[in-house]
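[1] give me coordinates for this.
(one chain, ligands or ions: 1)
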Amino acid sequence: MPITHPLIIITAPSGAGKTSITRFLLQKYPQLSFSISAATRNPRQGEVDGKDYYFISEEAFKSHIVNNDFIEWEMVYEGKYYGTLKAELQRIWEQRKVPMLDIDVKGAIHVQQQLGSNCLSLFIQPPSVAELEKRLQSRGTETPESLATRVNKASYEISFSHHFNRIVVNDDLQKACLETEQIIQQFLGW
Ligand code: 5GP
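    Presented below is the predicted three-dimensional model:
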């Protein structure tokens, strides 16, 4: 069956390297387009509204939920909501491009359930939880509390890796990028 509206999901525990892999692919393939999520957290330094996220209030987020505007949404961290707007995917498909979603594990499972074989899901696995903790620490964006939350969540998320089409172990970023690229080329018939 031909894939009509293809979509690619890159999911992983935070710190596993999925953002670096996503950036590499987006830079190399202009036919791929980053799906900008709506989020209620505050922007980090350097982040741009409408580019990294649509930064919106909790009230606005909740009204999108009521209006059924999301294909999926999650409270990824305590009190912080993240979601993929259907209109965002539509916007990308209308440009004849393939949306790339960088979303958490639960959100990824929900999108997969709805889009079936149109969707390729990749789980980026860190070599170990200890290594992931080291990477998050060196990123310097976490407080001790948020670091602990992310590390706990990571162990839990790794237990869902078998739900996805492919698992890519990121013990070497360059290798992981190439492996991901090959899987995507195969899926899209490039
Ligand atoms: P961060 O706050 O570091 O930007 O993102 C935290 C987590 O939320 C990451 O794992 C990221 O992939 C995930 N995330 C970003 N956007 C979405 C979304 O639209 N839906 C879901 N379920 N997770 C998202």
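
[2] near the ligand, which residues of the chain?
    14, 37, 41, 72, 74, 76, 82-84, 102-104, 107 (C-beta under 6 Å from any ligand atom). Yep, even glycine has a C-beta here, placed from its N, CA and C like the rest.

[3] do that again at 8 Å, thanks
    11-14, 18-19, 35, 37-39, 41, 44, 52-53, 72-74, 76-77, 80, 82-84, 101-108, 110, 141 (C-beta under 8 Å from any ligand atom).

[4] from the residues you listed, which would you call buried?
    11-14, 18, 35, 37-39, 53, 72-74, 76, 82-84, 101-108, 110 (16 or more other C-beta atoms under 10 Å).

[5] contacts for the helix or strand bottoming out on mean pLDDT in the chain?
    Among the helices and strands of the chain, helix 129-139 carries the lowest confidence by mean pLDDT, DSSP states H and E, at a mean of 86. Helix 129-139 is contacted from outside by 13-17, 126, 142, 147, 150-151, 154-155, 158, using C-beta atoms under 8 Å, 6 or more residues apart in numbering.

[6] in TSV, list the residues you listed along with pLDDT and secondary structure.
    Output for the contacts of helix 129-139, formatted as TSV (pLDDT from 0 to 100; DSSP: H, G, I helix; E, B strand; the rest coil):
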residue	pLDDT	secondary structure
13	86	coil
14	76	coil
15	77	coil
16	85	coil
17	87	coil
126	89	coil
142	87	coil
147	89	helix
150	84	helix
151	89	helix
154	89	helix
155	89	helix
158	92	helix
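
[7] in these, find the pair that's most separated.
    Spanning the widest gap among the contacts of helix 129-139 are 142 and 158, at 18.5 Å by C-beta to C-beta.
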